[in-house]
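Colleague: Got a predicted structure plus its sequence, pasted below:
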There are 2 protein chains.
Amino acid sequence: MPPATLSPAARTYRVQGSVIRSLLKVTQQPGVISLGGGMPSPASFPIDAMRAAYDAELAENGPAAVQYSTTEGELCLREWIAERETAKGVPTDPDDVLITAGSQQALDLLAKAFVEPGAPVLVQSPTYLGALQAFSAFEPDYRVVGIDGEGFRRETIEAGLTDGARFMYIMCNFQNPTGGTLTEACLRAVAERARLDDFWLVEDDPYGDLWYRTPPPPSLRTWAPERTIRMSSFSKILAPGLRLGYVVAPPEAIELLARLKQATDLQTSTLTQRAAARVLRSGILTEHLPRIREIYAVQCAAMLEALEACMPSGVSWSRPEGGMFVWVTLPEPLDSLVLLKAAVERGVIFAPGNGFYAVEPALNTLRLSFSTVPPEKIRTAVGILGKLIREAI
Amino acid sequence: MPPATLSPAARTYRVQGSVIRSLLKVTQQPGVISLGGGMPSPASFPIDAMRAAYDAELAENGPAAVQYSTTEGELCLREWIAERETAKGVPTDPDDVLITAGSQQALDLLAKAFVEPGAPVLVQSPTYLGALQAFSAFEPDYRVVGIDGEGFRRETIEAGLTDGARFMYIMCNFQNPTGGTLTEACLRAVAERARLDDFWLVEDDPYGDLWYRTPPPPSLRTWAPERTIRMSSFSKILAPGLRLGYVVAPPEAIELLARLKQATDLQTSTLTQRAAARVLRSGILTEHLPRIREIYAVQCAAMLEALEACMPSGVSWSRPEGGMFVWVTLPEPLDSLVLLKAAVERGVIFAPGNGFYAVEPALNTLRLSFSTVPPEKIRTAVGILGKLIREAI
């Protein structure tokens, strides 16, 4: 019989698959060293605590733990989140919290809620690839804003870039992909500008807990609670395969996002939420977070040392103080996609930089992740990259 | 400080919350009998098997079970689904399967993939409320098609209603809300029409396993495998709080839906998928499904008897042969929303019919669910409704 004609909606052509995910098959081959993915270290997962939590929840609350529940999320988990946000300095009620399927779903709901064709959305450059994937389906008019220690750069404001902006998407702490962190002075200035120009701030903070020596500045919510939609995830402090994230925002934004979540997947798994709440309530983070921070601090140091030792002059890189990523800039006209092809043949994978740009990608950039790779392998992989770059210059 | 101006996208005004979900708070009050929700019976959840499966998976596969994995879903679960579909008569490969967060997410992905402003989408009338919520965000041109034992009614075809249709959304078995099932002759005719007019069929089949005496006809895939996107869920045969559903479709449709799922939530919980696959592989359904069917068959019979005993003449209702719902039509001009208000005061809840219509709602209809209510309470609740209807006539 003849094939059926598939007529996808126009938006589907704007949603590209992630290069990193498409490399997953290569990544899983033996001998390959992947600096490509953003996976947390499996050594950081509290397996025993999760095992005990799932078992206790099913044993004690059996049917209710696997029944439908509310779209907003389980109260036990929302309470824990609200208490933690409050302890960090911004009074937060459980009703200010919406549980999501990882922070990727928060990005999708946000896009559904606010983005429509031609709607201005402010982004950093580079910015998180997953946010661009989620937003692009709804056709925003991306506007890149320059931010420095003083907040928005003057030319951003003079050019009227913020006019009519639905929101600014911003990753303040140990940004994916650059590893960079904004100062408190910058956050205060951004909040002030958002208030003056009346736009919302979307603060994506999956890595804030992964600092090495010093905690990052307080959340953007501290300075603009009435217009900040803060999102985070348990992917990096518990485990990503749970698919558990959350949004903290003023009630009118939560109501809107929850209504859209209902039409999107009804709710996030009741059992997963309750098991996670049990793990968190056990107080495990007090011991667990320092352990995770140590893993990443050691691996980050190994990568920075390896870069110092192996890279030819003309190559520069970021020096993150937390998180999972180092951002590398090659001398022009080197193209990181060309480098990737050669590197894959030598058994090394990384994320080319072009996917992290809303507009005008810098082809000479790349993201290296050290999160799942032991120090000696980091040295080997960076050594191979250094050699390939030397050959290409 | 002044509140921030919230500027939701136009689509958000088309996505209404479910009346049923908004009644959840009332439902949970003691003494209230809810015939409103579509919740499965908690007595049907295989808690012990799930407990053993989560425990074994975390113990044996620890870190990998909670790590990121592929967007398409865990192979162990896709294999089980493919084998079951194949056993039902349509050869199916694991690569023809995409795992979703319940079938609500499949509806959302489908809408993202195919619906855009003004795109014709064919629906039954009434049809599933959750599908309308998911589709409406993307502004389809809904076209109601009449179907009977012969397939599409002649006037549907003569009026050119199928011209340019992106797909037809159809729930063949024990439909939500009516409980109705389409005959094999009808399915064959629908498949033939889809092929002639070159449109896709979206077969939503969450209830197909819940037959009382006789299995329903074979899937639409049997007659049009090249253009059928079949979706189902583990919500009714395992438990809904897992949020686990799936799509079976030709590769080009799976590729498209998977790309969109990546931008939506990256993937469904690795652990949940693996634990469910363990439960299913244990062969539990052989004993478990007959037990569930018996629960619903008994409760459905109780409801049909109660309706017979308590309803005044002029009220009619469906006689489902499976599933969880009975559809009631009141004599005009009675309005089920008015009835609901009176019923809530008497401690009874049901789903008014208006939400189940894409266009031109019949206000004198309502959906009764017997799935979570023991027979004696079904009799009490239907007795109260009968009395209120008598008073209103």
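Modeller: Arrived safely, thanks for sending. Residues are numbered from 1 along each chain as shown, chains lettered A, B, ... in the order given.
Colleague: Which parts of chain A are helices?
Modeller: A:19-22, A:24-27, A:47-65, A:75-87, A:102-114, A:129-136, A:154-158, A:184-197, A:251-265, A:270-281, A:285-310, A:336-345, A:375-392 (DSSP state H).
Colleague: Quick one: work out the angle between the fourth one and helix A:270-281.
Modeller: Inter-element angle recorded for helix A:75-87 and helix A:270-281: 40 degrees (by axes from the mean of the first three to the mean of the last three Cα atoms, to 10 degrees).
Colleague: Excluding chain neighbours, what is closest to A:Glu116?
Modeller: Nearest in space to A:Glu116, with sequence neighbours left out and distances taken as Cβ to Cβ, 6 or more residues apart in numbering or on different chains, is B:Ala9 at 4.2 Å. Placement of C-beta: from N, CA and C, glycine included.
Colleague: How confident is the prediction for the one you found, by pLDDT?
Modeller: Looking at B:Ala9, its pLDDT reads 92.
Colleague: related to what we said a few turns ago, any idea which of the helices of chain A is most buried?
Modeller: Highest mean neighbour count of these: helix A:102-114, a mean of 28 (counted as mean count of other Cβ atoms under 10 Å in any protein chain shown).
Colleague: tell me the mean pLDDT over that one?
Modeller: Computed over helix A:102-114, the average pLDDT equals 97.
Colleague: Need the CA coordinates for it. CSV is fine.
Modeller: The C-alpha atoms that make up helix A:102-114 are tabulated as CSV, following Å, rounded to 0.1, in the frame of the first residue of the first chain:
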residue,chain,number,x,y,z
GLY,A,102,12.5,17.9,35.2
SER,A,103,13.2,21.5,34.4
GLN,A,104,12.9,20.7,30.7
GLN,A,105,9.2,20.5,31.2
ALA,A,106,9.2,23.8,33.1
LEU,A,107,10.8,25.4,30.0
ASP,A,108,8.1,23.8,27.7
LEU,A,109,5.3,25.1,29.9
LEU,A,110,6.9,28.5,30.1
ALA,A,111,7.1,28.6,26.3
LYS,A,112,3.5,27.5,26.0
ALA,A,113,2.4,30.1,28.5
PHE,A,114,4.2,33.2,27.1
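Colleague: quick one on the thing from earlier: ok, the residue nearest to A:Glu116 touching A:Pro117?
Modeller: No - assessed by Cβ atoms under 8 Å, B:Ala9 is found out of contact with A:Pro117, at 9.4 Å.
Colleague: which residues do these two both contact?
Modeller: Both B:Ala9 and A:Pro117 are in contact with A:Phe138, where contact means Cβ atoms under 8 Å, 6 or more residues apart in numbering or on different chains.
Colleague: Name the residue in these two with the higher neighbour count.
Modeller: B:Ala9 (20 against 13; other Cβ atoms under 10 Å in any protein chain shown).
Colleague: From B:Val97, how far out is that one?
Modeller: For B:Ala9, the distance to B:Val97 equals 32 Å [Cβ to Cβ, to the nearest Å].
Colleague: Just the buried residues of stretch A:322-333, please?
Modeller: Neighbour counts over stretch A:322-333 (16 or more other Cβ atoms under 10 Å in any protein chain shown) mark A:Gly322, A:Gly323, A:Met324, A:Phe325, A:Val326, A:Trp327, A:Val328, A:Thr329, A:Leu330 as buried.
Colleague: Disregarding flanking residues, what is the spatial nearest neighbour of the residue in the stretch 251-393 of chain A that chain B sits nearest to?
Modeller: Nearest residue of the stretch 251-393 of chain A to chain B (Cβ to the nearest Cβ) works out as A:Thr270 at 3.4 Å. Spatial nearest neighbour of A:Thr270, chain neighbours left out: B:Gly241 (3.4 Å); criterion: Cβ to Cβ, 6+ apart.
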